[in-house]
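Colleague: Mind looking at a prediction? Sequence and model below.
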Amino acid sequence: MRQMIRRWAVAAALVLASATAVQADNQGLENPRSTDFHESLKGKKVVFVPLSMGFDLTEGWAAVMRQQAKRLDYSFEIRDPAWSTDAGTRALSQLITEKPDLIVLHNPDIQSYARLIKQAQSAGIKIVQINLESNSTSDSYVGADWTEIGEQAAQAVVDKCDTGKGVSTKIAIDTGVPTAASDVFQLNGIYRVLKQHPAIQVVSQQSTEYNAEKARAIMDTVLQQHPDLCGAIGIWDNQDTGTASAIQQAGKSNQVFLVTSGGGNKVGCENVDKGLFNLYISYNVPLQGEILNEEIARLLQSKSAAGEVKTMYFTPLTQITKANSNPRNCWTLDDLK
Amino acid sequence: MNDTLTRLRYRMFSDRMVGELLSKSWIDSAIPAFFLLIVVLAASLLTTDFWATGNLGDLGRQVAEFGLQGIGLTIVILSGGIDLSIGSAFALTVLVCLVSMNVLGLPVGVALLATLATGFACGLLNGILIGYLRLRAFITTLVTLVIYRAIYDILFPRLASAIVGNTPDSAIWDFVGFGTVLGIPVSFVIFALLAFLLHIGLSRLRPGWRLRAVGGARRSAHNAGINVKRTVCSAYVASGLLTAIAAFLFSARLGSTGADTGIGLEISVLTAVVLGGVSLGGGRGAVGNAIIGAVLVLILTNSLIRLALPGSVNQLLLGVVLILAVLFDAKWVKNRGKILNKLYVSPAYLSLAPRREANPDPYVLNDRLGATELIGLGEVEGPEDVILDEDDNLYTGTRHGTIERFWAPDYVRRETFAAVGGHPLGLNFDRDGNLLTCVGGMGVYKVAPDGTVAKVTDETNRSLLSIIDDSRLRLPDDLDVAPDGRIFFSEATIRYDMSEWATDALEGRGNGRLICHDPRSGTTRTVLRGLIFPNGITVCRDGQSLLFAETWACRINRYWFDGPKKGHREIFMDNLPGYPDNINRGSDGTFWVALLGMRTKTFDLAMRKPGFRRRMARQIASDEWLFPNINRGCVVHVSAEGAVLEVFWDRGGANHPSITSTCEHKGYLYMGGVSNNRVGRVKLEGADPTWTARSDYWEGR
Amino acid sequence: MVASEAILRRWRPRNLLRSQEGIVLLLALAAFILFSVLLPSFLSPGNLIALVRSVSILGVLALGMALVVIARGIDVSMIATMVVSVAWSFVLARDGYTFGLALAIGAGFAAVAGLSIGVLVAFGEVAPIFATLAAGSLIYGLGRTFFFQLEMQNVPPGQNWFAAIGQGSLFGIPLTIVAFGVLCLFFHLVLTRTRFGWVLYGMGSNPSTARTTGAPIRAMIMAQYIISALIAYLAGLILAASAAAINARLFNSTMIYDILLVVVLGGIGLNGGHGRVRNVILGTVFVGILLNGMTILNIDYTVQNLVKGIVLLLAIIADSVVNPRDEQTSQQGDL
């Protein structure tokens, strides 16, 4: 009998011991993938070469990229050419000698950086192009599909201004910088749609070089010449505030259907609310920023050489009208910081 | 105690360097160069791998393109104009180059020619408008800026895709763009070559001189016969060509161009050129300035980009730098002369022992020069030295640059023996009867008995440690000939010219030197340095030593230039009561010393207070400064051992208040003064009536 | 009767050809007539108003520039002052300051900027082209670094009256043109009826003599740059009101050269000492006619620039043929 009690006591003690032992073990397992992930990104160097800082698109992307850099512990720097292509090429040349791990590149036009991109890739630097592409492809492109934007914009205008639908079939187009990706590809998309609707008449197509005052002056004159203008397509909201203000001043905000596109900054949404823009195609800077972050992380981890595998992702577009301009579609810089 | 401290301070720390540095002609460029040095230092400290070959190679290529444009703009500014269209011309020439290479597929040489032709055309338009039609440069180049830019903006979008669609297949093209020669980028080599040639052209050849003349004083250049219109036109054409070459290098490097190529380029090149030290008024500047400025601006902007500062900070800093540079330039150019005048005079400490009157005092006033015979009264001005030849004719130099000869025996007839120039000071005959003279401001000259003037020497060896270029002679004063024909002469001061000798008195520092010219080898060498206004020189009868006076130190020294005591120097006569000028031999183995003026207690005290003199020089106008007394002088007859035998005064001061030189000849004493207008002659009682200097020097040898 | 005779004589065609101003006037009339005949929609009142409106801001800026140029200076920092001061006011207004206070602070900044430039030119004796060039860079850099981050600044919300001013009209004339007209009148009075204006002409004509006769040169230099800075601020406000936003990027554009072209085209020479408000109006209207006509023809903006440049070139060539530069009196350093 005593032996049995002793045996039971030992068993109970053993069970208790193993129970506590099991408690002590339950601190989980190290996740090798997480460790690898953080190790492979730690200490790397990422440099952003924008068109310029100081406007909503680049400030927004930079804010989002900075946050990930802080989170994943790699360095993030900006070389700001301040709208000068020459300074941008110099910055890029310098970077080729400095050899960072990855460059995020915003191209002022489709060929200024083309040669340098090739050089950088052969020097082993990975490149992600953002929103404005170059003729040289690189490891990755994240950004709007300008052709698609052009098609959407043209379609919206056609819907309002085709025969019998609007006050006339006249539309005006204002472009930005003739050799930038946003111009060449958007115009291609616009004309693809317009070719199918030969009734639409393009009465004016002039470049404003991203200057709002110039856009305003041009639209002003166009409205004088064609008081029955039905629609207008602008290629960027920053310059089209001028176009919109000219339309408003002529009192034709209800008549002229203005389509523009941009990053979806709150200011742009305000203009939609005020009735200055009738349709705003947003490529959603915070979303682009997040996708950019993902591409950066992927490329920094990847063992393949620079330029070996080239991918692209054209980000989704949101059409913002008065009906759906809400905080989800419209962002402020402070939100991203 | 105070005096000792002062003496030590002025011996150890000489203030002369600041003034001498400021008077250098390259000081204008030195300041930007110094600034460049600081920037390079800062850049290499702040940015990692500044000195890496990749970075330097990059910088080299940028300097090549930017620097060529800078030189082009410098050339235009030198001609008195300005070119604001260089940015647009650059864009246009880049376009032409790329079209030729990429689109048309032309060989490199043809593309280069096409580029140069475009640059030539752009420059020629400016040149014709500004040079020949005489439009204003600023507004004209502003208009051509707009025109060229518009042409570029029209053509570029149409050609853009064609340019980027093709890459030329040319090894030379790639070599120019990316190649290196011994590790140095090819474009930089090309640039360095061109810069060197242009520097030579601008500074040493006539086209450069004409350019500067037109830019510096257009009307005078026109009156001098320079073809102003053609010069101005060629300046703009040169700028256009240089822009074209820069564009060629740029195209080879980048292979493409953008919508904003060349925008704002004229501003940055202008900034670079002004920072480098080129004066916007025209006529002043050099290739070196352009290069310094270009490198400065490029390093600044590159470092700012590299430091990942936001672009706005770049603009801010560049704006600040430009403001400081132009502010400094404006103030410096305006005030440089004034500052230099203030800082140049650097007095030193000089202590003269108080005079102890001997008993009996040989310097007691008399009137032995009161009734002299006057020679050439009113006909000669500034007869500093007088000498007679073996025919008893009298020679003396005048401040008109001539040596006058008065015919014996009455010395009334006069003729100009030689026109030397300058102001002939010390006179002496050599063995062959040539008249040697020290000409103030020029050098040592020789006049043959028939009157032909020849230069003996006007330069000596340059001392390594002297900031002032002391290879040239500023104030050669007196000379004498050694038995073997060597000429020893004194240069009173290396810091001042003849017209400013009194400022040297104020300094009281040893600025003078003893120089020897050897006619056998034709070389001139400085023998002794740091002498306090060495003046009169005479070779002693032993033929191995000479006596020389140190005027402001009021003493006469003896220096052995030959023999066992060679190189030894000792004081012959110290603590003279006046300032010794010329020393000459007399009969019976004696010497004659002319005292230019007498010491005053005030001036002696002032010499012990260098701080006082410096303040005086800086705060008061120069015509109010303290001046050594040269109103009353005398002639001292000295024995071969340095004892005073007799002293001759002009008590009334009507004829010879101040005497700089004497000459004993056949029982008479002849004297002259540098501020006098007559030569005097007095009979010496008891002197040897057959004694001449010539017999004393050369007979019996 | 004598004065009016003199005035009438000046307007005779033969005499008109004698000055650049006259030539430009004739050219402007010729262009006007040409466009009215060839382009059907040119002569409509709406178009003419649009014409003047599109260049009225340029005209306001040209008034400020003209003042400085008459006194033998130049101010290429006007665009920088304009965008930075207005953008800063808008940022301050968004940050919570009352709109009036924000506007006042912006004006104060413009005045301080002008004062600094004036001090640099008057006391530092720096050539105005460089002082203002550097100052422009500095002001723009200052603004971008410290005052605002985004270059595009909308009119603050809730200030619709401000935007209404910019887009409103008075008796059918847009308020921007009215503002231009008022400023023209003001400047005309200052230049022709006040001692300040007369001394300004003296300074431009012969600075050393002006100083010798006791004119307060330094104070006047500072004053003129303060005025041009404040004019720039005003022009910026008008611009922002009419476009509902101010874009600091204007600094990078060639707008400053357009202003100079208007001033010089109108007949105010860069060597100072002469020029009137009517020159500015002439230059502005001429540029406006050209631009408007070309826009109607749907001519590309770049070709417009080319035409502008060629026209100006012809004007200054004509002027130099008619009034050749006198080698004897042209001064060294006259760029």
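Modeller: That came through, no problem.
Colleague: give me the number of residues near the nearest residue to residue B:520 once chain neighbours are set aside?
Modeller: Sequence neighbours aside, residue B:485 is the residue nearest to residue B:520 in space, at 6.7 Å (criterion: CB to CB, 6 or more residues apart in numbering or on different chains). Quick note: C-beta positions are derived from backbone N, CA and C, even for glycine. By other CB atoms under 10 Å in any protein chain shown, 13 other residues sit near residue B:485.
Colleague: Next one: residue B:485 from residue B:516, what distance?
Modeller: 11 Å (CB to CB, to the nearest Å).
Colleague: Burial check on residue 165, number of neighbours?
Modeller: Going with chain A. Neighbour tally, residue A:165, other CB under 10 Å: 12.
Colleague: oops, chain C please
Modeller: Count around residue C:165 with other CB under 10 Å applied: 16.
Colleague: That one reaches residue C:241, doesn't it?
Modeller: Yes - between residue C:165 and residue C:241 there is a contact under CB atoms under 8 Å: 5.2 Å.
Colleague: Can you check what pLDDT the model gives the residue lying closest to residue C:180 once chain neighbours are set aside?
Modeller: Ranked by CB to CB, 6+ apart and with sequence neighbours excluded, the top spatial neighbour of residue C:180 is residue C:56, at 4.1 Å. At residue C:56, the pLDDT value in this model is 87.
Colleague: With adjacent residues omitted, what lies nearest to residue B:191?
Modeller: In space, residue B:191 is closest to residue B:64, 3.7 Å off (CB to CB, 6+ apart).
Colleague: Assess the claim that that neighbour and residue B:194 are in contact.
Modeller: No - with contacts counted by CB under 8 Å, residue B:64 stays clear of residue B:194, the gap being 9.1 Å.
Colleague: The residue in the stretch 201-337 of chain A positioned nearest to chain B and residue C:254: what is the separation?
Modeller: Distances between the stretch 201-337 of chain A and chain B by CB to the nearest CB are smallest at residue A:209, namely 7.6 Å. Distance check for residue A:209 against residue C:254: by CB to CB, it reads 10 Å.
Colleague: Can you give me every residue that contacts the nearest residue to residue B:472 once chain neighbours are set aside?
Modeller: Leaving aside its sequence neighbours, residue B:472 sits nearest to residue B:459 (CB to CB, 6+ apart; 5.5 Å). Residue B:459 makes contact with B:443, B:471, B:472, B:473, B:524, according to CB atoms under 8 Å, 6 or more residues apart in numbering or on different chains.
Colleague: Any quick PyMOL command for the buried ones out of those residues?
Modeller: Selection of buried members from the contacts of residue B:459 for PyMOL, criterion 16 or more other CB atoms under 10 Å in any protein chain shown:
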select buried, chain B and resi 443+473+524
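Colleague: From the contacts of residue B:459, pick the one nearest chain A.
Modeller: The closest of the contacts of residue B:459, once distances to chain A are taken by CB to the nearest CB, is residue B:471, at 46.5 Å.
Colleague: The closest one reaches residue B:458, doesn't it?
Modeller: No - checked against CB under 8 Å, the pair residue B:471 and residue B:458 is beyond contact range at 9.7 Å.
Colleague: how about the strands in chain C?
Modeller: With DSSP state E applied, chain C shows strands at C:152-154, C:169-170, C:173-174, C:245-247, listed in chain order.
Colleague: mind checking which of those strands is nearest residue B:669?
Modeller: strand C:245-247 (94.0 Å; CB to CB).
Colleague: does the closest one come close to chain B?
Modeller: No - Strand C:245-247 does not reach chain B (CB under 8 Å from any CB of the partner chain); its nearest approach is 14.7 Å.
Colleague: Now do that strand: which elements does it pack against?
Modeller: helix A:212-225, helix A:237-249, helix C:78-94, strand C:152-154, helix C:217-243 (3 or more CB pairs under 8 Å, 6 or more residues apart in numbering or on different chains; DSSP states H and E).
Colleague: Lowest average pLDDT across those?
Modeller: strand C:152-154 - the lowest mean pLDDT of the helices and strands packed on strand C:245-247, at a mean of 74.
Colleague: ok, residues contacting that one?
Modeller: A:55-56, A:212, A:238, A:241, A:267, A:270-271, C:86-87, C:90-91, C:240, C:244-249.
Colleague: swap in stretch B:163-173?
Modeller: A:110-111, A:114, A:135, B:98-99, B:101-103, B:105, B:107-108, B:252, B:255-257.
Colleague: swap in stretch B:222-232?
Modeller: B:79-81, B:127, B:130-132, B:134, B:207, B:210-211, B:213-214, B:218, B:221, C:327.
Colleague: and residue A:253, helix, strand or coil?
Modeller: Secondary structure, DSSP: H, G, I helix; E, B strand; the rest coil: residue A:253 is coil.
Colleague: Provide a list of residues in contact with it.
Modeller: Residue A:253 touches A:244, A:247, A:275, A:276, counting by CB under 8 Å, 6+ apart.
Colleague: Can you pick out the most distant pair from the residues you listed?
Modeller: So, the contacts of residue A:253 by CB to CB: farthest apart are A:247 and A:275, at 9.8 Å.
Colleague: Between the two, tell me which one has more neighbours.
Modeller: Neighbour totals were compared for residue A:247 and residue A:275, and residue A:247 leads with 28 against 14 (other CB under 10 Å).
Colleague: on that earlier part again, quick one: the residue lying closest to the residue of the stretch 201-337 of chain A closest to chain B once chain neighbours are set aside and residue A:210, what's the gap?
Modeller: In space, and not counting its chain neighbours, residue A:209 is closest to residue A:177: 5.8 Å by CB to CB, 6+ apart. Distance from residue A:177 to residue A:210, counting by CB to CB: 7 Å.
Colleague: Could you check the angle the longest helix anywhere in chain B makes with helix C:78-94?
Modeller: Of all segments of type helix in chain B, defined using DSSP state H, the longest is helix B:311-344. For helix B:311-344 against helix C:78-94, the angle by axes from the mean of the first three to the mean of the last three CA atoms, to 10 degrees is 130 degrees.
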